[in-house]
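Asks: Quick one, structure for this:
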Amino acid sequence: MQNLDRLLRQNDHKPYPAYKALKGGYHFPLYTLSVDHVQGDPFAAPSSLSIRIEKEKHGFPAEYYNQPHRRIMLQDLLLRGFGRELSKCSHLAKGSGKSGTLSVSRCGEAVLERSALTIDPKTGTITVRFSAGFPAAGRTTLAMELKKMLFELVPAAVERSLLSRAVPKEKQETWIALSDDQKAIREQLAGQGLVAFIADGAILPRKSGVDDTPMASAVPFESPVEDRVTLRLPNDRTITGLGIKCGITLIVGGGYHGKSTLLQAIERGVYNHIPGDGREYVLTEDTAMKIRSEDGRSVKKLDISTFIRNLPNGKDTVSFSTEDASGSTSQASNTMEAVLSGSRTLLIDEDTSATNFMVRDALMQSVIHPEQEPIVPFLGRMRELYEESGISTVLVAGSSGAFFHVADRILQMKEYKPLDITGIAKKAAAAAPETDVRLVPDSGSHRQSEEGSVAPGISAVQPAEKRKMSDVKDLRVPVRNEALLDSRRVKVRGSGTDSISLNHESVELRFVEQVVDPEQANLLGMLLRTLEEDYFDGRTLLSACVERLYDSLKKQGFSVVHGGSIPGNLAMVRKQELYAMVNRYRALKLK
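Replies: Sure, this is the predicted structure:
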């Protein structure tokens, strides 16, 4: 502290670059403060600082951070509190440009592991990374205003948020207990044959399209008796709710009755949520992937031949490439990429799907013979996906009854409440006249009725026409993009959750709907740069490159993607999003 005080006095009212002399570490009574990066001028991005607090000083018990699920929840709790305290004292120090700003990562409703605040599970050391705008008058330092920030405002924020005595014990226990509950539910999903669980009483609707907090007037979720399951929680407690079983689940209902809201809750259930979110007991198996059409996306040498074949232009669909995918080819690509990334559940909303990719009705088949149609609709592959590859589907449908034939269970959303109508819908489908919508005949897989005959509207496929999903392998080999790496410095930029870029190469992410936080996009950009620099060697399969990097990320944490100090604006992603990002990288070079 004395050294920092001396340097501040020496560099007061000097040209702004004088602040660079402050880089380094300084011991305060409760923590060590590090000045990691100093901004070039008061109008540039704020300076980067970090604080390290030893376990003897913060006082949180080791049992709150020696298990990953508890540690991540405690990190989230502390980061939110520190963010609130910093916001109260931001701009209390005066100056031009970004002078006096104090900020740290803003957390959404999902609980994500973030580089902004980490706890070392072995030593118990808390590290928090934040930003500060070093004060100036024009381009002249105001070091005494900076002293106010570093010696008064920041220490007060630390004392009010990052010490055990400052966080109410009941709040700590509530958040840690919730993390235990969420872990217990996730561990039971597979054993119960479930892909997702939605608790009774959950609040699924959100306040608005730009506000992810719960809607105040929303109808609490209530599971149908036929699909209600009871799961065990710690301390001899139980919880009831809707269990979405493995297989094919169809969600139907009228417009504005809550179909897509339910699917979105399942989609976001791959992440834990904070107390009070309303979805804290909505949990989905962690490989589930939302699939949709994505006109205009890039596809590189991907095998989509199980869905698209015999194109009139003779284009190869076993190694399909395009810089401007159509609705059907993009959704076929998204589906195959999810399967190849290890997803065990596909989540699909008919509203955001390519109609010709999903289904073809009987009348269309009678006019346009299947031999003239290059698309094998998803409807014809759903059963095969589950029975041969163990991949379940949860599908929201509102316009086609053809899906009734293949669904294992059918839920109707009526006034925001789910009803199990499987029996009624199956009976109606069996009695439907031949002119009604039917399953597509050219499916590569067909379903037999209980009597052994092919179900109405479904014709068998000749063996020579069949190509199973399990036959598809990802044999692509990436080559380092030397033109990109020849740059003096590869810059990574993020644009919210919409896109990332390496120098001038942009990757669109806005339709990768389970990227829910801008800091996840930041991490994906850094992972892409790491792949280009260290993994794409022209010998290793793309899938192996991604798997190895992701394994290193899980073992080493955020340091795997940065050569120097770890930035405080990264949030953990799943392997599925890493695959999705690489597959949309237009500058990807393949052997």
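Asks: What degree of burial does Leu485 show, as a neighbour count?
Replies: 14 (other CB atoms under 10 Å). C-betas here are computed from N, CA, C, even on glycine.
Asks: Mind listing residues that contact the longest strand anywhere in the chain?
Replies: Once the chain is assigned using DSSP state E, the strand that runs over the most residues is strand 237-245. Outside strand 237-245, the residues within contact range by CB atoms under 8 Å, 6 or more residues apart in numbering are 181, 185, 192-200, 202, 221, 223-224, 227-233, 266, 281, 394, 408-409, 418.
Asks: Pull out the buried residues from the residues you listed.
Replies: 181, 185, 194-199, 202, 221, 223, 227, 229, 231, 233, 266, 281, 394, 408-409, 418 (16 or more other CB atoms under 10 Å).
Asks: so of these, which ones are in helices?
Replies: Asp181, Ile185, Ile266 (DSSP state H).
Asks: Let's have the residues you listed in TSV, adding pLDDT.
Replies: Shown next, in TSV, are those (pLDDT from 0 to 100):
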residue	pLDDT
Asp181	98
Ile185	98
Ile266	98
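Asks: quick one: the strands in the stretch 101-250 of the chain?
Replies: 102-103, 110-111, 117-119, 126-132, 136-137, 140-141, 194-199, 206-208, 211-214, 228-233, 237-245, 248-253 (DSSP state E, counting those that start in this stretch).
Asks: As CSV, the ones you listed with mean pLDDT and distance to Glu547 would be great.
Replies: Converted to CSV, the strands of the stretch 101-250 of the chain look like this (pLDDT from 0 to 100; distance: least, CB to CB, whole Å):
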stretch, mean pLDDT, distance to Glu547
strand 102-103, 98, 35
strand 110-111, 98, 24
strand 117-119, 98, 24
strand 126-132, 98, 28
strand 136-137, 96, 47
strand 140-141, 96, 49
strand 194-199, 98, 23
strand 206-208, 95, 34
strand 211-214, 96, 31
strand 228-233, 98, 31
strand 237-245, 98, 28
strand 248-253, 97, 28
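Asks: Relative to Lys20, which of those strands is closest?
Replies: strand 140-141 (10.6 Å; CB to CB).
Asks: I'd like the distance between the residue lying closest to Met526 once chain neighbours are set aside and Val492.
Replies: Distances taken as CB to CB, 6 or more residues apart in numbering place Val561 nearest to Met526, at 3.9 Å, with adjacent residues excluded. From Val561 across to Val492, the span is 9 Å (CB to CB, to the nearest Å).
Asks: Specify which residue of the two has the higher count of neighbours.
Replies: Set Val561 next to Val492 and count neighbours by other CB under 10 Å: Val561 wins out with 26 against 21.
Asks: Pull up the gap between that one and Leu570, please.
Replies: With CB to CB as the criterion, Val561 and Leu570 are 8 Å apart.
Asks: Identify the contacts common to these two.
Replies: Here Val561 and Leu570 share the contacting residues Leu523, Met526, scored by CB under 8 Å, 6+ apart.
Asks: least trustworthy helix or strand in the protein by mean pLDDT?
Replies: Least confident helix or strand, the chain: helix 362-367 with a mean of 69, by mean pLDDT, DSSP states H and E.
Asks: what's the following helix or strand after it?
Replies: Remark: after helix 362-367, the chain's next helix or strand is helix 382-389, criterion DSSP states H and E.
Asks: What residues of that next one count as buried?
Replies: Quick answer for helix 382-389 (16+ other CB under 10 Å): Met382, Arg383, Glu384, Leu385, Tyr386.
Asks: Contact partners for the closest residue to Lys183 other than its chain neighbours?
Replies: For Lys183, ignoring the flanking residues on the chain, the nearest one in space by CB to CB, 6+ apart is His69 at 4.6 Å. Listed by CB under 8 Å, 6+ apart, the contact set of His69 reads Ser179, Asp180, Gln182, Lys183, Asn272.
Asks: and if you look at Ala136?
Replies: Tyr16, Asp41, Pro42, Gly95, Ser96, Gly97, Ser99, Leu142.
Asks: 10 Å - rerun?
Replies: Counting by CB atoms under 10 Å, 6 or more residues apart in numbering, Ala136 touches 13, 15-16, 19, 39, 41-43, 95-100, 142-143, 145-146.
Asks: And for Ser328?
Replies: Contacts of Ser328 by CB under 10 Å, 6+ apart are 293, 295, 304, 307-308, 353-358, 374-375, 377-378.
Asks: From the residues you listed, pick the one nearest Ser499.
Replies: Taking those together and measuring to Ser499 by CB to CB, the closest member is Asp295, at 15.8 Å.
Asks: And that closest one, how far from Glu508?
Replies: From Asp295 across to Glu508, the span is 11 Å (CB to CB).
Asks: Tell me which of those two has more neighbours.
Replies: A direct count of neighbours by other CB under 10 Å for Asp295 and Glu508 places Glu508 higher, at 18 against 14.
Asks: Turn the strands of the stretch 101-250 of the chain into a markdown table, including distance to Val472.
Replies: Below are the strands of the stretch 101-250 of the chain laid out as a markdown table (distance: least, CB to CB, whole Å):
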| stretch | distance to Val472 |
| --- | --- |
| strand 102-103 | 46 |
| strand 110-111 | 32 |
| strand 117-119 | 39 |
| strand 126-132 | 42 |
| strand 136-137 | 59 |
| strand 140-141 | 61 |
| strand 194-199 | 22 |
| strand 206-208 | 36 |
| strand 211-214 | 36 |
| strand 228-233 | 34 |
| strand 237-245 | 26 |
| strand 248-253 | 20 |
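Asks: The residue nearest to Met526 contacts Thr530, doesn't it?
Replies: Yes. Val561 is within contact range of Thr530, at 5.0 Å (criterion: CB atoms under 10 Å).
Asks: any common contacting residues for the two?
Replies: Contacts common to Val561 and Thr530, judged by CB under 10 Å, 6+ apart, are Val492, Leu549, Ser552, Leu553.
Asks: Let me know the helix or strand that the last one is in.
Replies: Under the assignment given by DSSP H and E, the secondary-structure element containing Leu553 is helix 542-556.
Asks: From Ala483, how far off is Tyr535?
Replies: According to CB to CB, Tyr535 and Ala483 sit 17 Å apart.
Asks: More neighbours: which of those two?
Replies: Higher neighbour count among Tyr535 and Ala483: Tyr535, with 18 against 11, using other CB under 10 Å.
Asks: now that one, nearest residue through space, not along the chain?
Replies: Ranked by CB to CB, 6+ apart and with sequence neighbours excluded, the top spatial neighbour of Tyr535 is Cys545, at 4.2 Å.
Asks: roughly how far apart are the one you found and Glu533?
Replies: The value you get for Cys545 to Glu533, if CB to CB is used, is 12 Å.
Asks: Between these two, which has more neighbouring residues?
Replies: Between Cys545 and Glu533, Cys545 has the larger neighbour count (other CB under 10 Å), namely 20 against 14.
Asks: Hmm, that one is touching Asp537, no?
Replies: Yes. Using CB under 10 Å, Cys545 is in contact with Asp537, at 8.3 Å.
Asks: okay, and the common contacts of the two?
Replies: Common neighbours of Cys545 and Asp537 (criterion: CB under 10 Å, 6+ apart): Val477, Pro478.
Asks: circling back to that earlier point, and the longest strand of the chain, which residues are buried?
Replies: For strand 237-245, by 16+ other CB under 10 Å, it's Ile239, Gly241, Leu242, Gly243, Ile244, Lys245.
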